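Novice: Fold the following for me, if possible:
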Amino acid sequence: MIISHGRQFIFVHIPKTGGTSLALALEQKAMKDDILIGDTPKAQQRRRRLKDVKTSGRLWKHSKLADVYGLVDQDQLERYFVFTLVRNPWDRMVSYYHWLRGQDFDHPAVTLAKGVGFSTFLNDRTTRASLSIDGAARYVSDRDGVERCNLFLRLENLAEDIARLEAGVGVRLPQPPHENRSDRGPYQQYYSAADQALVADIFAADIARFAYQFEG
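Specialist: Sure, this is the predicted structure:
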């Protein structure tokens, strides 16, 4: 997440949507008082600034808008240019699975992904429960549940949509690098018909809203 009071914008980083690449591009233009939350180089350098800050929720790179009261107030949430990245959910789930398999921290999702195939992981009860509350709107809604996002950027169209983002944040951005690229084949090959339907059901709202299709 990035909060810029100087340029009056908030970047909300939904997991596994290409947000790290965009954060790296944004922080190249960061103002000295911008709040950078995450594991990018400048965010790590500025981490101590947040040591004693009290916020309404967990403060990490995937914080939701409802989590960051204390760094921003309601008036700022309503006035600032809020944006985020979204991604084809079928592709996103394969990326998530492979990312987990590459981690070494102690977490049930990491253990599960390392021990089973993609279909078993996707159909696991805990996986399904966590994904059921992982739609885009939840990340960009305030504490009253009101959506505050001014721009949803689709990862698949980021190169074309970057001009809209630059107009919103008021600065020209470098081309985002492709970070955290996973070594895998096309996501479609991971899915049975049943698993394809499962993701379609879980992310029905995002699929309809952003006109995603399984074939891309």
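
Novice: Going by C-alpha atoms from here, please, whenever you check contacts or count neighbours.
Specialist: Will do.

Novice: Can you check the pLDDT for the residue in the chain sticking out farthest from the centre?
Specialist: Relative to the centre of the chain, the most outlying C-alpha is that of residue 193, 26.5 Å out, by CA atoms, centre = their mean. If you check residue 193, the pLDDT there is 98.

Novice: same check, this time on residue 206
Specialist: The model's pLDDT for residue 206 equals 98.

Novice: From residue 210, how far off is residue 176?
Specialist: 22 Å (CA to CA, to the nearest Å).

Novice: what's around the closest residue to residue 131 other than its chain neighbours, how many residues?
Specialist: Ranked by CA to CA, 6 or more residues apart in numbering and with sequence neighbours excluded, the top spatial neighbour of residue 131 is residue 202, at 7.1 Å. The number of residues packed near residue 202 is 18, by other CA atoms under 10 Å.

Novice: Surely residue 42 is in contact with residue 29?
Specialist: No: counting by CA atoms under 8 Å, residue 42 does not reach residue 29; the two are 10.8 Å apart.

Novice: These two: who's more crowded?
Specialist: In this view residue 42 and residue 29 are compared by other CA under 10 Å, and residue 42 has more residues nearby, 17 against 13.

Novice: List the residues that contact residue 152.
Specialist: Going by CA atoms under 8 Å, 6 or more residues apart in numbering, residue 152 touches 83, 84, 85, 86.

Novice: The same query, at a cut-off of 6 Å, please.
Specialist: 83, 84, 85 (CA atoms under 6 Å, 6 or more residues apart in numbering).

Novice: For those, pick the one with the most neighbours.
Specialist: Ranking the contacts of residue 152 using other CA under 10 Å puts residue 84 first, with 24 neighbours.

Novice: Kindly provide the distance from it to residue 148.
Specialist: 11 Å.

Novice: Quick one: the helices in the chain, in order.
Specialist: In the chain, the helices defined using DSSP state H lie at 19-27, 41-45, 74-79, 89-101, 108-115, 118-123, 125-131, 136-139, 158-169, 193-202, 204-210.
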